[in-house]
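Enquirer: okay, predicted coordinates and the sequence, questions at the end:
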Amino acid sequence: MRALLNLAAGTAARYLDELDNRGVAPSAEALAALSQFHEPLPEAPMEPERVLETLDRIGSPATTGMAGRRYFGFVIGGSLPAALAANWLAGAWDQCPGLYVASPVGTVLEEVSLDWLLEVLKLPAGAGGAFVTGATVANFTALAAARHRVLARAGWDVEADGLFGAPPITVAVSDEAHPSVFKALGLLGLGRSRVVRVPVDAQGRMIASKMPRLEGPAIVCLQVGNVNTGSFDPAAEICERAHAAGAWVHVDGAFGLWAAASPRYSHLVEGVAQADSWATDAHKWLNVPYDSGLAFVRDPEALRLAMALSAAYLPQGDHREPSQYTPELSRRARGVEIWAALKSLGRTGLADLIERNCRYARRFADALREGGCEILNDVVLNQVLVSFGDAARTTEVIGRVQRDGTCWCGPTEWQGHVAMRISVSSWATRDEDVERSIAAILRAANG
Ligand SMILES: *Cc1c(COP(=O)(O)O)cnc(C)c1O
């Protein structure tokens, strides 16, 4: 076992070293070689060393360089050294932290991380939390708590009796809400299409005065960190209006919520803590390995009543029983890496990570504008939308950027424009990476 794990560590370290000297996107040959994985189910066993060797030989070249320093696609963080190392150790532990008795350490590290997260994200102390796979499931989990509470207030037990015959729930959602919010609402029986879509302004922020009249059971979903522009919905105003009508306010803050961790950017989340529930990712801006998302609910009891297997199943002991707060019973111990990331960064390290990424986003915007490109959004956070002309030309330049391999940025469509989206989210990115990437993008734009 020791020799195998040393081999794995050496292989992984070599992979990360070499990442800097290859294209960020995998080569055509590497993608073609993936066909070698398509083989009949092996009849006989194979030694683990050879399994690892096969995985590295065929698999490593076909990765995208997401763990590297110049990946700016989607909103994808890298893995902090302490978080990656903790992930390996936790893999060796093989803990299932659904119950304290099953994994004391996994459970306690979730308790500690939850307190730290609420503090650093400036959310109410004592809120309930769920460690899940990502913001999609975090939205689902928090909205299940919302559904529970608004229907309970109307005298309806949705977990017991379902939605057939239940009082209708008004759901108001920003017109530019992330698709995962609509998916979560669909999974919850609230419908992807039966929601009221609230118009947005030129930066994609919900216009509070355009919210529908809220009466009876109601949920308002707002967004901090529009996936295209990085903009923030006016949370204070929306919370005030919604709460006056007795509605539940949910916040999708997959990456934007982390602005709270920086003294320079925390003004962006003003009013956000007044909401009732929040969803965010740890695998984006906290830079822990995939997968890791978080749901927080002001009233832990609403979360527990929506998620517990049953009120009678395995009663609560002295410790928080994580499975009472998550859709899953068995799952991996995600609190380990979150603890390691926060322990290694500290408050100042996390603020620095956020501020550095935002500074790089501004640098991209300034340099590309100077180079003749159009920047479509106000760069308030870590997201930059670049146009190189009409849709066809922008698409062509994005293709050239990706093929060049210095960095990787993806396409998006936003408010009628085709654009290239730059998302600076990795701890590993340095000044020279930004300058090299700017030069590569300008080469592609002018070529
Ligand atoms: C990425 C993102 C999501 C979905 O997160 P996953 O971790 O991919 O499930 C939801 N909302 C916003 C705003 C996002 O940026």
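Expert: Alright, I've got the coordinates. Residues are numbered from 1 along each chain as shown.

Enquirer: can you read off the pLDDT for the closest residue to the ligand within the stretch 201-350 of the chain?
Expert: Closest contact between the stretch 201-350 of the chain and the ligand, by CB to the nearest ligand atom, is at residue 254 (3.3 Å). C-beta: built from backbone N, CA, C; applies to glycine. We have a pLDDT of 98 for residue 254.

Enquirer: dump the residue contacts of it.
Expert: 75, 135, 138, 178, 225, 227, 279-281, 284, 293 (CB atoms under 8 Å, 6 or more residues apart in numbering).

Enquirer: near the ligand, which of these show up?
Expert: Restricting these to those near the ligand by CB under 6 Å from any ligand atom leaves 75, 135, 178, 225, 227, 281, 293.

Enquirer: can you pick out the most distant pair from these?
Expert: 227 and 293 (14.7 Å; CB to CB).

Enquirer: how about stretch 116-133: buried residues?
Expert: Across stretch 116-133, burial judged by 16 or more other CB atoms under 10 Å covers 116-118, 120-121, 123, 127-133.

Enquirer: give me the nearest residue to the residue of the chain found nearest the ligand, chain neighbours excluded.
Expert: When scored by CB to the nearest ligand atom, the chain has residue 134 as its residue closest to the ligand, at 2.6 Å. In this structure, residue 134 finds its nearest non-sequential neighbour in residue 293, 3.8 Å apart by CB to CB, 6 or more residues apart in numbering.

Enquirer: ramachandran coordinates for the one you found?
Expert: phi -130, psi 170 (degrees, to the nearest 10).

Enquirer: now do the contacts for it.
Expert: 131-138, 254, 279-283.

Enquirer: how far away is it from residue 320?
Expert: To residue 320, residue 293 is 18 Å away according to CB to CB, to the nearest Å.

Enquirer: pretty sure residue 223 sits against residue 176.
Expert: Yes. Counting by CB atoms under 8 Å, residue 223 does reach residue 176; the two are 7.2 Å apart.

Enquirer: intersection of neighbour lists for the two?
Expert: Shared contacts of residue 223 and residue 176, defined by CB under 8 Å, 6+ apart, comprise residue 206.

Enquirer: more neighbours: which of the two?
Expert: Comparing residue 223 with residue 176 by other CB atoms under 10 Å, the one with more neighbours is residue 223, at 26 against 23.

Enquirer: doesn't that one belong to a strand?
Expert: Yes. Looking at residue 223 with DSSP: H, G, I helix; E, B strand; the rest coil, it is inside a strand.

Enquirer: and the closest residue to residue 169 other than its chain neighbours, how many neighbours?
Expert: Leaving aside its chain neighbours, residue 169 sits nearest to residue 217 (4.4 Å; criterion: CB to CB, 6+ apart). Counted with other CB under 10 Å, residues neighbouring residue 217 total 24.

Enquirer: pLDDT at residue 217, what is it?
Expert: For residue 217, the predicted pLDDT is 98.

Enquirer: would you confirm that it contacts residue 158?
Expert: No. Between residue 217 and residue 158 there is no contact under CB under 8 Å: 10.0 Å.

Enquirer: so how far is residue 178 from residue 123?
Expert: Separation of residue 123 from residue 178 (CB to CB): 19 Å.

Enquirer: show me where the stretch 251-400 of the chain has its helices.
Expert: Ranges of helices within the stretch 251-400 of the chain are 300-307, 335-370, 391-404, based on DSSP state H, counting those that start in this stretch.

Enquirer: in contact with the residue nearest to residue 102 when sequence neighbours are not counted, which residues?
Expert: Distances taken as CB to CB, 6+ apart put residue 96 closest to residue 102, at 5.2 Å, once the chain neighbours are dropped. By CB under 8 Å, 6+ apart, residue 96 lies in contact with 102-103, 106, 330-333.
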